[in-house]
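Participant: let me see the structure of the following:
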Amino acid sequence: MPPHDERLVSARSAEVGGRERRFSLWLDQLRACDLSFAEASTLHPDDMGEWQAGVYLLTGCETVWLELGGRVLAERSLQAAVDQLEQPGRWWSPSEDAAIRWAAHFWDLRHSGPGFPSEFGHFHFRRWVNACHLYKRTVPTLTITGGGPR
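Facilitator: Alright, predicted model coming up:
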């Protein structure tokens, strides 16, 4: 086995460190644009992608967050989304239902059911794209952090 080239190891370390710094900066920007997300997001480490993604989707749906947010914050869990799917407590609009389904899926990948969120409006679709990046801990090439119309 050839010896490690220290320059390659150093370059790789710098690349990973730069990617982590960019992700951290982007996450801070998302938090600054959404105080509900900021409050819930910090309950688990930034590297817990399923939490960051699920919470981002739920806080983007005001009606859903008003209904489930208290339990999510108190339990520090997205189990409320999973429970809502298993025993619905109310009727949800298609975009609200999709956000709950995806949050539940991010939290518990065994929870099946979410398809491509074609029923999302523009605002919720952008949130879904960002949530996928949060889940994978990658920074989108084009960041979308503005609130925009709901």
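
Participant: for stretch 35-53, what is the average pLDDT?
Facilitator: Taken as a whole, stretch 35-53 has an average pLDDT of 93.

Participant: now it: buried residues?
Facilitator: The neighbour-count criterion (16 or more other C-beta atoms under 10 Å) identifies 36-38, 40-41, 44, 46, 48-53 as the buried residues of stretch 35-53. All C-beta atoms are positioned from the backbone trio N, CA, C, and that covers glycine.

Participant: now that stretch - C-alpha only, CSV.
Facilitator: Backbone C-alpha positions of stretch 35-53 (Å, rounded to 0.1, in the frame of the first residue of the first chain) are rendered in CSV as follows:
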residue,chain,number,x,y,z
LEU,A,35,-37.9,32.0,14.6
SER,A,36,-40.1,28.9,15.2
PHE,A,37,-37.5,26.8,13.3
ALA,A,38,-34.7,28.4,15.2
GLU,A,39,-36.3,27.5,18.6
ALA,A,40,-37.0,23.9,17.7
SER,A,41,-33.9,23.4,15.6
THR,A,42,-31.5,24.0,18.4
LEU,A,43,-33.1,21.3,20.6
HIS,A,44,-31.0,18.6,18.9
PRO,A,45,-27.5,18.8,17.5
ASP,A,46,-27.0,20.4,14.0
ASP,A,47,-25.7,17.1,12.7
MET,A,48,-29.0,15.4,13.4
GLY,A,49,-30.4,15.8,9.9
GLU,A,50,-33.7,14.0,10.5
TRP,A,51,-34.6,16.4,13.3
GLN,A,52,-33.5,19.5,11.3
ALA,A,53,-35.4,18.4,8.2
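
Participant: which residues are in contact with it?
Facilitator: The set of residues that contact stretch 35-53 without belonging to it, under C-beta atoms under 8 Å, 6 or more residues apart in numbering, is 23-24, 27, 30-32, 55-56, 58-60, 65, 69, 72-73, 76, 78, 102-103, 106-107, 109, 131-132, 134-137.
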